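A.B. asks: Build me a model from this:
(4 chains)
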Amino acid sequence: MTLAAAASTTSTGEAVQFWILATVAVIGALGTILMRKAVHSALCLAGTMIVLAIFYLANGAYFLGVVQIVVYTGAIMMLFLFVVMLVGVTAADSLKETLKGQRWLAALCGLGFGILLCAGIGNASLKSFNGLGQANSGGNVEGLAALIFTKYVFAFEITGALLITAAVGAMVLTHRERTERALSQREQSERRVRGGKQVPPLPAPGVYARHNAVDIPGLLPDGTPSELTVSATLRGRGQVRDVSGEALADLAALEQRSARWLGRDAKGGKGAKDPKGADRREGGGGADQAGDPGDDPAGAGHPEDSKGVAK
Amino acid sequence: MNPVNYLYLSALLFTIGAAGVLIRRNAIVLFMCVELMLNACNLAFVTFSRMHGNLDGQIIAFFTMVVAAAEVVVGLAIIVTVFRSRHSASVDDASLMKL
Amino acid sequence: MENLIGLLVAAPLLGAALLLCGGRRLDGKGHLLGTALAVASFVIGAVLFADMLGRDEHDRALHSHLFSWIPVGGFRADVAFQLDQLSMTFVLLITGVGSLIHIYSIGYMEHDERRRRFFGYLNLFLAAMLLLVLADNYLLLYVGWEGVGLASYLLIGFWQHKPSAATAAKKAFIVNRVGDVGLSIAIMLMFTTFGTFAFAPVLSHATDASEGKLTAIGLMLLLAACGKSAQVPLQSWLGDAMEGPTPVSALIHAATMVTAGVYLITRSGAIFNAAPDAQTAVVTVGAVTLLFGAIVGCAKDDIKKALAGSTMSQIGYMILAAGLGPIGYVFAIMHLVTHGFFKAGLFLGAGSVMHAMNDEVDMRKYGGLRKYMPVTFVTFGLGYLAIIGFPGLSGFWSKDKIIEAAFAKGGTEGWILGGVALLGAAITAYYMTRVMLLTFFGEKRWGTTPSPEEPSAEPAAETAGAHAEPHPHESPKSMTIPMIVLAFGSVFAGGLFSLNDAFLKWLEPVTSHSHGDSPIGAATVTAGTMVVLLVGVGLAWAQYGRRPVPRTAPRGSLLTRAARRDLLQDDFNHVVLVKPGQYLTRGLVYVDHKLVDGVVNGTAASVGGLSGRLRKLQNGYARSYAVGMFAGTAALIAATLLMRAV
Amino acid sequence: MSFPLLTVTAAVPALGAVATAAVPAAKRSAAKWVALGFSLATLVLAAIVLVRFNPDGAHYQLTESHAWIKDFGVRYELGVDGIAVALIALTAVLIPFIILAGWHDADPLEEARPNRRWRPTQGFFALILMVEAMVVISFEATDVFLFYIFFEAMLIPMYFLIGGFGDRAGGRSEEETATQRSYAAVKFLLYNLAGGLIMLAAVVGLYAVTADDLGTGTFSLQQITDARAAGTLDFATGTERLLFLGFFFAFAVKAPLWPLHTWLPNAMGEATAPVAVLITAVVDKVGTFAMLRFCLQLFPEASKWATPAILVLALISIIYGALLAVGQRDIKRLVAYASISHFGFIILGIFAMTTQGQGGATLYMVNHGISTAALMLVAGFLISRRGSRLIADYGGVQKVAPVLAGTFLIGGLATLSLPGLAPFVSEFLVLVGTFSRYPAIGVIATVGIVLAALYVLVLYQRTMTGPVKAEVRGMPDLKVRELVVVAPLIALLIFLGVYPKPLTDIVNPAVDHTLSVVDKKDPKPEHPVTDAGWFRYSPTHDGASGGAK
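C.D. replies: So this is what the prediction gives:
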């Protein structure tokens, strides 16, 4: 970057870089405050920060630039994302304003503030500037270090203390005192028995004779499927397949083939349709809980995977 | 170009951040906006240090970062706690000052 | 000798202190103690009198300076006594009559459970009255002045359970207070004029001051005198004051206290002499009151009220005389003394009658008492003759001189005053004869029991037989003896005084005397007096002596009815002073509550409302506070920019 | 540095307050005795001050002076002149009686509260002593700032005394009494705070002015008066008037002067009788005292400038207060309005700017304190017996409780300033002093005398005389404790009425000094009597300010 002693302007390269990245930064900032999902805001902010890091570098603050990327974008923003996840990614607050006139006021203030600020900068006489030539001559980091440990040593120490305090504070704040003693395993098991819950593991799904897919309920000795064997999620989605009817379907298919083999075309056309019908019925069977097998969107979705299974 | 543009940029960012603080309800986003404002200040500091040709500005920016870090840590901790107690991160829900 | 003067006051004061603070243990013998101390102070007075007679008549005055009372800047008030002939006259009158009435009260108040306190009050009165006449400066006189007022307040309201008594007492005190204001203003005027208010310097240098000042002082003194001596326009309290026990009426409201006004004017003679206008005012007041009291006295059926009216008018005589200046002072005092005797005697007689009649005061329910209570009859009769000025008795000497002096004033004024005085004499003869006839002559009208709702001025000392059949009986010795003594006084005092003008010579050094000879000779005046006297008596006899008297008063003429209501004075005060006063106070209470207080509370309320409105900004939303902060920052920046711009 | 007598005199009651408050909850009576003891100790100290004070000596005596806040020239300066001594004595005398009179006022209604922190009695007496300490030190302070601090701090304990320990005998429902009481307390506080704030502004202004003229700002009364005398310090007319008004407003609220009086009736009506006495007899005196010490001595010119207006206000207070007293139906409010009238007299005397006027005003402060105490305390005893403050609820008490009635009457007679009782001396002096300079005002003021007779006697007649009312029947007469309270007060009234010389001797030099500061001479009589007459010899006449101590 430029090391001009005292100049009134910077290199064109920097100018170009500035104008490109500045737009990015502003867009990022706007995104931060306008995105509905906190995650997106965080990401936009991270973008802006990276751009700022580059600007630091451009301004000869190499150390800060790096710190900005590593600590800020790296650590702090991640912390943000972490908390966002903790709180819930889907927590997208509606941008509909509850406070009356808040948004207008905000816009007004923001506008006025910005204009005033710019005005202030504008009428400050900042025509010329002297770069960090000799300041950074001994190396930027060394320069900072020299200052921190001499002139700003107390401030430095105090910030150290502040950080420790912050860490402790965070722990204290988030720490949750457990009120009652933790139950031993024995107690837990006893409680489970008393509660009349299912004591042994749940039965596994699938009928090992022909199927071991998790969405196939196991059959009880009397041949009826057992709901317990299918995971609650699938049950909730209604994706439990009933295979109790498949044996007959296969038998019918066999007859079709043998019939075609005996050369009865007309029937064959019909028979060619039949397995599909059977398929549909299977699908229907699968969607039985969903009710009417005929025009069922869920059923419509099933054939392919049911076919896949059939293969 | 004159580095004063950096200052204009920082002013702009700061204002945007501030506006964000005013319009967003989600505490986390609020924090992000605050961070944005801090960063804007940092940019200004850095630019100043360049203009004056000494590193004090950078030092200040550095301290700002440290403080910001501390603040974020505590602030987020608070948010989490609040979220636990009342399942929301909206600052408007915490309008307890009004009886 | 000087030290005795202090003792003179101290004795009754001590008695008052002992009796009032002594508590129950003194109930038994307290009254005797009080009487003893009163007599003691009389004895002291007598001793001093003897001593005074012993000295040359021009330095008879004694002076004893006790201590400096209020020394502030140029303002020097001392507690110092001055005993000259004038004071001495009063001392003897006060202590003498006072002692007699103490003795009388022993019998009269025998059955009252609060007798100890009664005697305490009497002693207090004696002390205050003596202080009044012995003071050597006006401020100390003022102390005595209000002291007697207090004593009279306490004694009028002695039967406090009677609302009427309490009211009368309050009225007396307040009306007197009005007069006292006059006295205090007079003192202030003296202070600003002479830089002192002790008798000797003020009176000896009175002529230095401008006549205007002196007139002002004089009028103020007159106001004071009106208050204390129940002169028009401040006379209204005396009639009600009869609510008090009869001895009180005799001592305070007949013999001594009410004459303080005369003392004041006579004492301040030097001032009045130099202020003719003030004198005119004095004589006018005197003349008016003279007739006023007389007329009231004619209409009253309550024996004490009738006597009160007569007191008023007799004091009117004295004031009139005092207003005449040097030609009158001596006679004013002389009449004062004689009046002290016979009026006290009359009141004691009345008391004795009421005592016998179960505290019945309505003369229309008396009659024919002469054979039941001879002593009372005789003493009362002598008093009666004295007051109407029967030749040879005290009243004759004093009143005659006054009338003569009135004529001697000269000019139309003299004629008017003389005429008034004569007329007064006639009316006096009339109403006193009326009292006499109604009470002691005619057939008895008290046979049947009076109806219970009959207003009884004196509450039952023994409530038991209050309304029982009255059994008129002569009063005990303790009561009759004082009456007899006073009767002697009322018979011979005047004569003794007039023996080669003894009294005149006696007082002359103090109250300078200039003999004024009336345009019509003294003899003519005397003759005239006799004539009007006879007329008055005759009228009274014609009206009450010949015909039987109805038990209930006839409606009577307009004047009579007015006179019964004290010539509407109370109604006047009520309409002119009391009612407006009540409205004023009520109005002010309202104003204070609504206006003065309202302004304050109003501001408070408005502030509260404003803050309530501001409170709405505190909606509790952090973000709206943030807006405020943000706007504030913006404003600050704007401010700084502007600063730098200019 | 000699023994700091004045500091100790103020410190002892403060210590007493702490000690009393520290007494454990269970030992209520102990607290009372502790408080009484300390108040008596204060009395002894005040007596020592009285003895050590030499009327003919320097104007401020027993002075103490230490730098306090150097940056603002605030000093801890104490010193007493005759006026202050008299008022300190008054305070020290009254407080023990107030404590005795309020012996049972603060006993908790229900016995044996579980809460061990509940100790109203301790609080009550501690607060009273606290007030005493503050009053005493504000009488002693010769540093404006020091005075201001305690002048204001006084409000806090008073506020709690009024609001916390109201009159239980309101004859009204409990909550109404409570609301009334808090209203009264808040009103008291707001009025006086408002006055105080305005005064604060004036105090700061004073500092600014002195800082301008003297280089270093000061609050020291002595310094300022000296500087004025030396001419190194002179206020601009406008400034002086503004500052004067700032000070005077505060004192007029405290005094209270019409139309700033309305807090007094509420406060005295709702507070218990002893507290009412504390308000009117002790605390309010600070206001009038401060007028004498600060208004006149700091701003003589402005005082003269404002005199006519103030005199008129005082006159209004006299008549207005008396008339309203006549119109009251509540005994305590009646006494309150009577006090307003009396304060009118005091202020009249102060601003008449004559020896008699100011001397009389000072005496008036003392005498009014004693007489009001006597009347109000007896009224309190009466009220505590019947449980009502309404005059109409009484009648014929004289028959049942003669001693009570008698003392009540004497208190009343003192209030109407009967000659022979102390108030007469002061009232007459005030009137004469006023009259000698402003005859018209003096004459109008005498109307107050008549009205006083009216309201006192009407009160006495309605409560004490007449037929005995059923509720009054069987009312006990004064107990020993109550007699111990009343008798000395009455004795004092009589003594000071007959022989006020000791007091006047102390007060006169101070008054003369004040007048010399204000630079006003008594008007000369028109025809002064040169030879005092043949009996005017008397040793005590020349130099009446001489002996008698």
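
A.B. asks: which parts of the stretch 101-250 of chain D sit against chain C?
C.D. replies: Listed as neighbours of chain C in the stretch 101-250 of chain D under the rule CB under 8 Å from any CB of the partner chain: D:187, D:190-191. Placement of C-beta: from N, CA and C, glycine included.

A.B. asks: Now with 10 Å, please.
C.D. replies: D:183, D:186-187, D:190-191, D:194 (CB under 10 Å from any CB of the partner chain).

A.B. asks: Now, of those, which are buried?
C.D. replies: D:186-187, D:191, D:194 (16 or more other CB atoms under 10 Å in any protein chain shown).

A.B. asks: Let me know the closest of these to residue C:356.
C.D. replies: Of all those, residue C:356 sits closest to residue D:187, with 63.0 Å by CB to CB.

A.B. asks: Would you agree that closest one is in contact with residue C:600?
C.D. replies: Yes. Counting by CB atoms under 10 Å, residue C:600 is a contact partner of residue D:187 at 7.8 Å.

A.B. asks: joint contacts of the two?
C.D. replies: D:262-263 (CB atoms under 10 Å, 6 or more residues apart in numbering or on different chains).

A.B. asks: For chain B, what is the nearest residue in chain C?
C.D. replies: Nearest residue of chain C to chain B: residue C:620, at 3.1 Å (CB to the nearest CB).

A.B. asks: Tell me the secondary structure at that residue.
C.D. replies: Three-state assignment for residue C:620 (DSSP: H, G, I helix; E, B strand; the rest coil): coil.

A.B. asks: tally of neighbours for it?
C.D. replies: Counted with other CB atoms under 10 Å in any protein chain shown, the neighbours of residue C:620 add up to 13.

A.B. asks: what does residue C:475 give?
C.D. replies: 22.

A.B. asks: ok, now the one 5 residues further on?
C.D. replies: When counting by other CB under 10 Å, one arrives at 22 neighbours for residue C:480.

A.B. asks: Quick check: the gap between it and chain A.
C.D. replies: 104 Å (CB to the nearest CB, to the nearest Å).

A.B. asks: just the helices in chain B please.
C.D. replies: With helices called from DSSP state H, chain B shows them at B:4-23, B:27-52, B:56-85.

A.B. asks: so which of those helices comes closest to residue C:594?
C.D. replies: Ranking these by their distance to residue C:594 (criterion: CB to CB) puts helix B:4-23 first, at 50.0 Å.

A.B. asks: What parts of chain B come near chain D?
C.D. replies: Contacts of chain B with chain D, taken as CB under 10 Å from any CB, are absent.

A.B. asks: so where is chain B shaky, pLDDT-wise?
C.D. replies: B:94-99 (pLDDT under 70).

A.B. asks: what helix or strand is the residue in the stretch 151-300 of chain A that chain D sits nearest to on?
C.D. replies: Ranked by CB to the nearest CB, the top residue of the stretch 151-300 of chain A for proximity to chain D is residue A:154, at 28.8 Å. Per DSSP states H and E: residue A:154 is located in helix A:153-174.

A.B. asks: Let me know the average pLDDT across the very next helix or strand once past that helix.
C.D. replies: Once helix A:153-174 ends, the next helix or strand along the chain (criterion: DSSP H and E) is helix A:185-194. For helix A:185-194, mean pLDDT rounds to 86.

A.B. asks: Nearest to residue B:2 among the buried ones among the residues of the stretch 101-250 of chain D next to chain C?
C.D. replies: For these, the minimum distance to residue B:2 (CB to CB) is 59.1 Å, reached by residue D:194.

A.B. asks: secondary structure element for the closest one?
C.D. replies: Residue D:194 is part of helix D:174-214, with elements assigned from DSSP H and E.

A.B. asks: Quick check: which ranges of the chain have low pLDDT?
C.D. replies: As the question left the chain open, I've gone with chain A. A:1-8, A:88-96, A:207-210, A:223, A:243-244, A:264-311.

A.B. asks: that's the wrong chain, I meant chain D
C.D. replies: If you take pLDDT under 70 as the line, chain D has these spans: D:1, D:109-118, D:167-172, D:530-549.

A.B. asks: quick one, longest strand in it?
C.D. replies: The longest strand of chain D (DSSP state E) is strand D:61-69.

A.B. asks: How far does that strand sit from its chain's centre?
C.D. replies: From the chain centre to the centre of strand D:61-69 is a distance of 25 Å (CA atoms, centre = their mean, to the nearest Å).

A.B. asks: Buried residues, that strand. List them.
C.D. replies: D:61-65.

A.B. asks: Perfect, I'm done here.
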